[in-house]
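Build me a model from this:
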Amino acid sequence: MGERCGWAGSEQIYTDYHDTEWGVPEYDSRALWEKLILDGFQAGLSWITILKKRDNFREAFQGFDPNIIADWGEEDVLRLLGNSGIVRHRGKIEATIGNARAWQVIEAREGFDHFLWKYVDFKPLQNRWETLDDVPTQTALSQQISKDLKKEGFRFCGPTIVYAFMEACGLINDHLVGCPCHDKVVAMERPFRAL
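Reported below is the predicted structural model:
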């Protein structure tokens, strides 16, 4: 059995995330939105910082229900800015509210899950990287998705954030080939839900 991807470090919360969540195909619209929002909050920080605060984020943001968050305003922004359990960044908090509204439009039109998975023809891209140095931080595809999300009104969704999101949600499998999770994630591929 090979070694897990080196970025996972040694903290239990991080290794558990690597072993059970990262790279697993996510097909739920709301869960995809939550992960994109959390990746936006990560900008300029380490992922483990967000991971350790994820339960606080979920509580503060009403379970990341975009239909609730879309109705929020300045009072909610101020409430969140006073919450020491999350990353208190006005721009990211305001973006989350705007992103909830953008999610509602896409969800009503075609489904946020469909919107994202169509970029990979509805099945995960299976990469075969040998070392962490081989793995890109962005690609032409993440640049295109970022551009399209921004056209839809999303913020904090640059190409590097989108690439990390695609890795985390299993649109691409970037577990190294020597990692025991690589083949496990390949085996999790299933057909996208019928429209």
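
all helices for this structure, in order.
Applying DSSP state H to the chain gives helices spanning 12-20, 29-42, 47-60, 66-69, 74-81, 90-109, 112-117, 140-151, 159-168, 180-187.

Tell me which of these approaches Q126 most closely.
When the helices of the chain are compared by Cβ to Cβ, helix 180-187 sits nearest Q126, at 5.8 Å. In this view, the C-beta of every residue, glycine as well, is placed from N, C-alpha and C.

you'd agree N127 is up against I172?
Yes - in this structure, N127 is within contact of I172 by Cβ atoms under 8 Å, at 6.0 Å.

follow-up on the earlier one: include mean neighbour count and mean pLDDT when you put the helices of the chain into a markdown table, please.
Listed next are those as a markdown table, based on neighbours: other Cβ atoms under 10 Å; pLDDT from 0 to 100:
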| stretch | mean neighbour count | mean pLDDT |
| --- | --- | --- |
| helix 12-20 | 14 | 96 |
| helix 29-42 | 21 | 97 |
| helix 47-60 | 16 | 97 |
| helix 66-69 | 18 | 98 |
| helix 74-81 | 14 | 98 |
| helix 90-109 | 18 | 98 |
| helix 112-117 | 22 | 98 |
| helix 140-151 | 16 | 98 |
| helix 159-168 | 22 | 98 |
| helix 180-187 | 16 | 95 |
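
so which of those helices comes closest to T131?
Here helix 180-187 is closest among the helices of the chain (Cβ to Cβ), at 13.1 Å.

and that closest one with helix 12-20, angle?
Per axes from the mean of the first three to the mean of the last three Cα atoms, to 10 degrees, the angle that helix 180-187 makes with helix 12-20 is 40 degrees.

And helix 180-187, what does it pack against?
strand 172-173 (3 or more Cβ pairs under 8 Å, 6 or more residues apart in numbering; DSSP states H and E).

Can you name every helix or strand that the strand it packs on contacts?
By 3+ Cβ pairs under 8 Å, 6+ apart, strand 172-173 packs against strand 125-126, helix 180-187.

Other residues contacting the first one?
Which is strand 125-126. Residues from elsewhere that reach strand 125-126, judged by Cβ atoms under 8 Å, 6 or more residues apart in numbering: 171-173, 186, 189.

of those residues, closest to Q138?
Closest to Q138, out of all of the contacts of strand 125-126 and judged by Cβ to Cβ, is I172, at 11.7 Å.

List the residues that contact the closest one.
120, 124-127, 166.

same question, V77
90, 93-94, 97.

can you do 10 Å?
90, 93-94, 96-97 (Cβ atoms under 10 Å, 6 or more residues apart in numbering).

returning to what we had before: overlap in contacts of N127 and I172?
23, 135.

follow-up on the earlier one: nearest to D133, of the helices of the chain?
Of these, nearest to D133 by Cβ to Cβ is helix 159-168, at 15.4 Å.

follow-up on the earlier one: can you tell me which of the contacts of I172 are buried?
120, 124, 127, 166 (16 or more other Cβ atoms under 10 Å).
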